[in-house]
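Student: Okay, sequence plus prediction incoming.
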There are 2 protein chains.
Amino acid sequence: MSTTEAPTELLARPKRADARRNYEKVLTAAREAFAEGGEATSLEEIARRAGVGIGTLYRHFPNRQALLEALYVNEVEELSRSADELDDLDPWEALSRWFEGLIGYLATKRALAAELTNYLTPDAALFQACRSSLFSAGEPLLKRAQEAGMVRRDVDFSDVLQMVAAISKNPAASPSQIERILRVALDGLRYSSES
Amino acid sequence: MSTTEAPTELLARPKRADARRNYEKVLTAAREAFAEGGEATSLEEIARRAGVGIGTLYRHFPNRQALLEALYVNEVEELSRSADELDDLDPWEALSRWFEGLIGYLATKRALAAELTNYLTPDAALFQACRSSLFSAGEPLLKRAQEAGMVRRDVDFSDVLQMVAAISKNPAASPSQIERILRVALDGLRYSSES
DNA sequence: GAAATATACGGAGGCACCCTCCGTTTGTCA
DNA sequence: TGACAAACGGAGGGTGCCTCCGTATATTTC
């Protein structure tokens, strides 16, 4: 029973044993630091927490952006897997449940995503990949609700996703207000324009 | 006809002639630089553009944040004045027209607001002031639409403002998509929960 | 198990940026 | 016009991102 993992991960892990250890140490330290300290954590600080030199950190993540991306990908992968237990619900119910999950996720990743958008254009490969991952999970739910006549037909999944994401990431609103706003916005999906 | 302006401005301008000139030069250079170069412009660069020393820039704006705030306030003041010609419209029409104006404004200020939120908590005095300015302009329009039964009553102006702002500032969506999403979200205001 | 080799480590130092300090200059007022 | 307050400007301190390269360690080979 070797310790080699199957190469299913999207992120290529380094080869040598000490290297892999350090890679994980950095990633973990970064996750913690970002959770605690907000987005302003320096890479020096992360290296210190991880107990490695700054050079080692840069060996694994060629720049700050790369480290953030690695964190981000890790999390999205996890999220997309969580959309398979909703098939037997009422179409509208299934859709809004799924978005609830998404919303909870987004709430914790605010700072990370915000900083990433400083480095990347929204059509960067990374975001494309994440979106397509979310699409394959959520789009069928929307389609189903539209075919059941429970959601207006002049929107597509991208619209809804952007709408929910934008509202959830708004740092100026409290969680309870965000919830209220989302309810309104999602109700907009049910509005039918023939007055 | 003296050149002294009435002290109606929220921002206190400096006293001496050269100082006032330089203050304006910096502010103008900053506005241009941010419009062109995005948010990553350095203060040294702005001072250079304005043709003043870095020390002078810092005399007027004690730090980067202060400069951004000054820019921001300037713009919001301008916006709030623009909401007085809507009284004679249908309540729903008036409300959505006003938000159209707001939306256009927000579109151009994305980068600025985004960077400011890195420095300030959403309840900073600056934002409070801007919000209250927007409130006094927009809240009556919402009230009127609610009393006319054209808008659901379980939302307040803050909700709608945050909703519109969040969607408008979303950098991942194209202008046309943003427009579509806003239409959906604002239609949510008309949805009435008795099914 | 030891030598050879590839791989990884770590921190000094370069560069850019934010900001402070203080000697010099300039506007203002009597 | 002279005196003083106000403002100017840039050298330099501190920190953060990142590079470079001498040192150390894992892995492979014999």
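Tutor: In hand now; what should we look at? Every value quoted in this text rests on a predicted model; they were computed, and no experiment measured them.

Student: check which helix or strand covers the residue nearest to A:Thr41 when sequence neighbours are not counted.
Tutor: Once flanking residues are discounted, A:Thr41 sits nearest to A:Ala33: 4.4 Å by Cβ to Cβ, 6 or more residues apart in numbering or on different chains. Every C-beta, even on glycine, is put in place using the N, C-alpha and C of the backbone. Counting by DSSP states H and E, the element that carries A:Ala33 is helix A:17-37.

Student: For the helix or strand just after that helix, buried residues please.
Tutor: Using DSSP H and E, the helix or strand that follows helix A:17-37 towards the C-terminus is helix A:43-50. Neighbour-count burial for helix A:43-50 flags A:43, A:46-47, A:49-50 (criterion: 16 or more other Cβ atoms under 10 Å in any protein chain shown).

Student: Ok, stretch A:100-118 next?
Tutor: Within stretch A:100-118, the residues that qualify as buried are A:102-103, A:106, A:109, A:111-118, counting by 16+ other Cβ under 10 Å.

Student: Of those, which is the nearest to DNA strand C?
Tutor: Nearest to DNA strand C, judged by Cβ to the nearest atom of the strand, of those is A:Asn118 at 13.3 Å.

Student: name the element that closest one belongs to?
Tutor: helix A:91-119.

Student: Specify the angle between that helix and helix A:17-37 in degrees.
Tutor: Put simply, helix A:91-119 runs at 100 degrees to helix A:17-37, going by axes from the mean of the first three to the mean of the last three Cα atoms, to 10 degrees.

Student: which secondary structure elements does helix A:91-119 contact?
Tutor: Applying 3 or more Cβ pairs under 8 Å, 6 or more residues apart in numbering or on different chains; DSSP states H and E, we find helix A:91-119 packed against helix A:64-80, helix A:125-147, helix A:157-168, helix A:175-187, helix B:110-119.

Student: let's see 10 Å
Tutor: Packing contacts for helix A:91-119, counted by 3 or more Cβ pairs under 10 Å, 6 or more residues apart in numbering or on different chains; DSSP states H and E, involve helix A:17-37, helix A:64-80, helix A:125-147, helix A:157-168, helix A:175-187, helix B:110-119.

Student: Can you pull up the most central residue in chain A?
Tutor: When Cα atoms, centre = their mean is applied to chain A, the residue found nearest the centroid is A:Val76 (4.2 Å).

Student: per-residue pLDDT, that one?
Tutor: A:Val76 carries a pLDDT score of 78 in this model.

Student: Identify the residues contacting it.
Tutor: A:10, A:105, A:109, A:126-127, A:129-131, A:133-134 (Cβ atoms under 10 Å, 6 or more residues apart in numbering or on different chains).

Student: Redo these as TSV? Include pLDDT.
Tutor: Below are these laid out as TSV (pLDDT from 0 to 100):
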residue	pLDDT
A:Leu10	52
A:Tyr105	81
A:Lys109	79
A:Leu126	86
A:Phe127	87
A:Ala129	86
A:Cys130	87
A:Arg131	88
A:Ser133	86
A:Leu134	87
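
Student: For chain A, what lies in contact range of DNA strand D?
Tutor: Residues of chain A that fall close to DNA strand D, judged by Cβ under 7 Å from any atom of the strand: A:16-18, A:42-45, A:54-55, A:58, A:62-65.
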